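> Could you look at this predicted model? Sequence included:
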Amino acid sequence: MLKKLCQCLGIASLILAGNYGDLLGGGEDVRMHTPLPLARICYAQIADILLVALLFFILFVLVARTRLYPWLRLLFVMVIPPYLLQRTQSFFPFDLIEGIVTIFFIVWVGTLLLLLLRYPKRYRQLLHVGGILSASLIIFALCSIAQLLWVATWKPAPNQITAAWNRSGPAQLQPPRDHPLLVWIIFDELSYDQTFEHRAGDLSLPNFDALRAQSTLFTDAQPAGYHTVKVVPSLLTGKIVDGIRYNFHNRLWVHHESESGWQPLDGAQTLFGDAENAGWRTAAVGWYNPYCAIYADAIQNCFWTNRDMFDGLMAQDASFADNVYIPLEQVVREIRSPAAADRHLCGFDVRHRYLTHVDLQQHASQLLHSDQADFIFLHIPVPHSPNIWSRIRNDYTQQCDSSYLDSLALADHVLGGILATLEASPRWNQTTLIVQGDHSWRIDAWNWLPAWTEEDDAASRGVFDQRPAVIIHQPGQTQPQTVSTPWPILQIHSVVEQTLHNQPPTF
């Protein structure tokens, strides 16, 4: 019985590993992008492991003394190894060949039947060895549970800082601000190629066009990296970051391309610190990166959030019961209909990104309308997948039914609201506005996922154009200008530094 229990726990932990794998090893990547505690999710995954293991164990006990046991055991042995390969393929350091699970299943079943019918002794020996190996999986189960318990103790840093000059209420009213204004907007995954050079014929982006008519457009901007987590610190420090570590105490350690060793990063080492030292009021509203934790010593007003789903369809703000039930429901759905499971997963992702986007928009709008900050950094999660806007309906969507072009339309809609607010400010003629993508549209990261559409396929032309969009409006600029030579976006750091010290930026 003890051996069977160990087998059940080990197999259950592997079947469900795809749900909680990103929480193992301390869950560094999850913690860095999660503003809420993870305890409910961790405990829910432990409960799932125990529930599935208990289900297997009860089935074993019920059939162990029946005549059906040898045949049910054979069926179990046939199905479980290929299914475990299917469920854990994301953990392999390489991509499995398409169809490998089916090929393995056919070969595995054929081998078992051959041994059973022609070499029964070898068959029994194989079952014995398999029983020992499956029982040893208890080590993985216990290690997984221990790591989930450890991650459950993690406490996130505050995701909001409110400056005295940005508090609401009659007693907190501030006089109009008389100071130059710098607004720096990162539209995540904003492609120059799709926004300007090869824009789809039925895609209208009036606000990007209006901004372009009074700004400098960089037609050959060179990226500073492929991933947001490295690009943003690179832009803020002015040095390429090629490695990051986010420790259990919410500190970011970085490795710079041109330097040896790791060093902690804080706001004082970035443009936020330089702005504060120059007497500018600093503020940030951002997605994905924990701005209020990493740069807290130099951002006076801050809000960040990210409510994206986890691998197992779990949510930070969902109840313990939901985080237990929904991942198990998805496992059953995957068995019954992989296509339906993919659609459900994609829709779940869209709905949570929508919540994230709306939350960020509300905070960004409040910050801009208060017109009290001097250096405003906005990191907006569009046009990054999943796509939450339908340009046909001109409204948000709750389903996985739109494309990158729809997200570009949403980015244009967001930009229009920001421009209207800035242009209505008395400080508009003193405003420097930077609008950019942190990287371009990474089609190779999305074209294999359920969210990829035929429209995406047509728009991308099967080509990854690495140029992010970059537009810079200088105070009082009314005519378009173009920089067509290769321009590393890392130079935006210098542009911001020059602006902070009242110097005309050089391109």
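Alright, I've got the coordinates.

> isn't there a strand covering residue 472?
Yes - the assignment for residue 472 by DSSP: H, G, I helix; E, B strand; the rest coil puts it in a strand.

> Contact partners for the residue nearest to it when sequence neighbours are not counted?
Distances taken as Cβ to Cβ, 6 or more residues apart in numbering put residue 216 closest to residue 472, at 4.9 Å, once the chain neighbours are dropped. In short, each C-beta sits where N, CA and C put it, glycine included. By Cβ atoms under 8 Å, 6 or more residues apart in numbering, the contact set of residue 216 is 471, 472, 473, 474, 477, 480, 481, 482, 483, 507.

> can I get those in TSV with distance to residue 375 and neighbour count?
Output for the contacts of residue 216, formatted as TSV (distance: Cβ to Cβ, whole Å; neighbours: other Cβ atoms under 10 Å):
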residue	distance to residue 375	neighbour count
471	18	24
472	15	23
473	15	22
474	16	18
477	19	17
480	25	14
481	23	14
482	26	11
483	23	15
507	20	14
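
> right, and out of those residues, which lies closest to residue 188?
Checking the contacts of residue 216 against residue 188 by Cβ to Cβ gives residue 471 as the nearest, at 15.4 Å.

> Look up which residues are beta-bridged to the residue nearest to residue 472.
Following DSSP bridges, residue 216 is listed with bridge partners residue 472, residue 481.

> before we move on, what about the one 5 residues further on?
Per DSSP bridges, residues listed as beta-bridge partners of residue 221: residue 487.

> Confirm for me that residue 134 is in contact with residue 12.
No - counting by Cβ atoms under 8 Å, residue 134 stays clear of residue 12, with 11.1 Å between them.

> what comes into contact with the one helix or strand residue 183 maps to?
Residue 183 belongs to strand 181-187 when assigned by DSSP states H and E. For strand 181-187, contacts defined as Cβ under 8 Å, 6+ apart pick out 232, 275, 280, 368, 373-380, 382-383, 411, 414-415, 418, 422, 425, 427, 430-438, 469, 492, 496, 499-500.

> how far away is the residue nearest to residue 472 from residue 233?
25 Å (Cβ to Cβ, to the nearest Å).

> ok, now residue 468?
Separation of residue 468 from residue 233 (Cβ to Cβ): 16 Å.

> longest helix anywhere in this protein?
Longest helix of the chain, by residue count under DSSP state H: helix 338-370.

> List the buried residues in it.
Neighbour counts over helix 338-370 (16 or more other Cβ atoms under 10 Å) mark 341-354, 356-357, 359-361, 363-364, 367-368, 370 as buried.

> Past it, which element shows up next along the chain?
Note on helix 338-370: by DSSP H and E, the next helix or strand toward the C-terminus is strand 375-380.

> tell me the angle that following strand makes with helix 338-370.
Between the axes of strand 375-380 and helix 338-370, defined by axes from the mean of the first three to the mean of the last three Cα atoms, to 10 degrees, the angle is 160 degrees.

> Strand partners (parallel or antiparallel) of strand 375-380?
Strand 375-380 is paired, per DSSP bridges, with strand 181-187 (parallel), strand 282-287 (parallel).

> what's the very next helix or strand once past it packed up against?
Next along the chain after strand 375-380, taking DSSP H and E as the criterion, comes strand 389-390. Packing contacts for strand 389-390, counted by 3 or more Cβ pairs under 8 Å, 6 or more residues apart in numbering; DSSP states H and E, involve strand 395-396, helix 404-423.

> Tell me which residues are up against the shortest one.
Under the contact criterion Cβ under 8 Å, 6+ apart, strand 395-396 has outside partners 354, 388, 389, 390.

> Surely the third one touches residue 409?
So the one you mean is residue 389. Yes - with contact defined as Cβ under 8 Å, residue 389 reaches residue 409; the gap is 6.1 Å.

> These two: which is more packed in?
Shown here are residue 389 and residue 409; by other Cβ atoms under 10 Å, residue 389 has more neighbours (27 against 23).

> beta partners for the more buried one?
residue 396.

> Now do residue 495 against residue 408, distance only.
Separation of residue 495 from residue 408 (Cβ to Cβ) stands at 24 Å.

> Tell me which of residue 468 and residue 233 has more neighbours.
The neighbour comparison of residue 468 against residue 233 (other Cβ under 10 Å) goes to residue 468, with 27 against 24.

> Contacts only, for the closest residue to that one other than its chain neighbours.
Nearest residue to residue 468, sequence neighbours excluded (Cβ to Cβ, 6+ apart): residue 437, at 3.4 Å. Taking Cβ under 8 Å, 6+ apart as the contact definition, residue 437 lies against 186, 187, 188, 189, 190, 191, 192, 468, 469, 470.

> residues near the residue nearest to residue 490 when sequence neighbours are not counted, how many?
Excluding the flanking residues, the one nearest residue 490 by Cβ to Cβ, 6+ apart is residue 224, at 4.9 Å. Residues lying near residue 224 (other Cβ under 10 Å) number 24.

> How many residues are close by the nearest residue to residue 320 once chain neighbours are set aside?
Excluding its sequence neighbours, the residue lying closest to residue 320 (Cβ to Cβ, 6+ apart) is residue 40, at 4.8 Å. The tally of other residues near residue 40 (other Cβ under 10 Å) stands at 21.

> Residue 105 now?
Neighbours of residue 105 under the rule other Cβ under 10 Å: 17.

> what sits up against stretch 472-488?
Counting by Cβ under 8 Å, 6+ apart, 180, 211-222, 224, 429-435, 470, 495, 504-505, 507 sit against stretch 472-488.

> follow-up on the earlier one: of the contacts of strand 395-396, closest to residue 96?
Among the contacts of strand 395-396, and counting by Cβ to Cβ, the member closest to residue 96 is residue 388, at 30.9 Å.

> returning to what we had before: could you identify the buried members of the contacts of stretch 472-488?
Among these, those classed as buried by 16+ other Cβ under 10 Å are 180, 211-212, 214-219, 221, 224, 431-435, 470, 495, 505.

> What pairs with the one helix or strand residue 434 maps to, parallel or antiparallel?
Element membership for residue 434, per DSSP H and E: strand 431-436. Sheet pairing of strand 431-436 (DSSP bridges) gives strand 181-187 (parallel), strand 470-473 (antiparallel).

> okay, those in TSV with mean pLDDT and distance to residue 331 next?
Converted to TSV, those look like this (pLDDT from 0 to 100; distance: least, Cβ to Cβ, whole Å):
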stretch	mean pLDDT	distance to residue 331
strand 181-187	98	36
strand 470-473	98	44
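
> for those strands, which one sits closest to residue 27?
That would be strand 181-187 among these, by Cβ to Cβ, at 25.4 Å.

> Distance from the chain centre to that closest one, please.
Chain-centre distance of strand 181-187: 21 Å, with Cα atoms, centre = their mean, to the nearest Å.

> cool, stretch 71-83 as well?
36 Å.

> and what of stretch 41-55?
For stretch 41-55, the distance to the chain centre is 25 Å (Cα atoms, centre = their mean).

> For residue 279, identify the helix or strand it belongs to.
In the assignment (DSSP H and E), residue 279 maps to no helix and no strand.

> Number of residues surrounding it?
Residues lying near residue 279 (other Cβ under 10 Å) number 9.

> What are the phi and psi values at it?
When read as degrees, to the nearest 10, the backbone of residue 279 gives phi 90, psi 10.

> could I get the contacts of residue 216 as CSV with distance to residue 174?
Below are the contacts of residue 216 laid out as CSV (distance: Cβ to Cβ, whole Å):
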residue, distance to residue 174
471, 30
472, 28
473, 25
474, 26
477, 28
480, 35
481, 35
482, 39
483, 37
507, 34
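
> Against residue 331, how distant is residue 83?
Taken as Cβ to Cβ, the span from residue 83 to residue 331 is 10 Å.

> Out of the two, name the residue with the larger neighbour count.
residue 331 (19 against 16).

> Report the contact partners of that one.
15, 16, 19.

> now residue 485: how far from residue 479?
Look at residue 485 and residue 479: by Cβ to Cβ, they are 19 Å apart.
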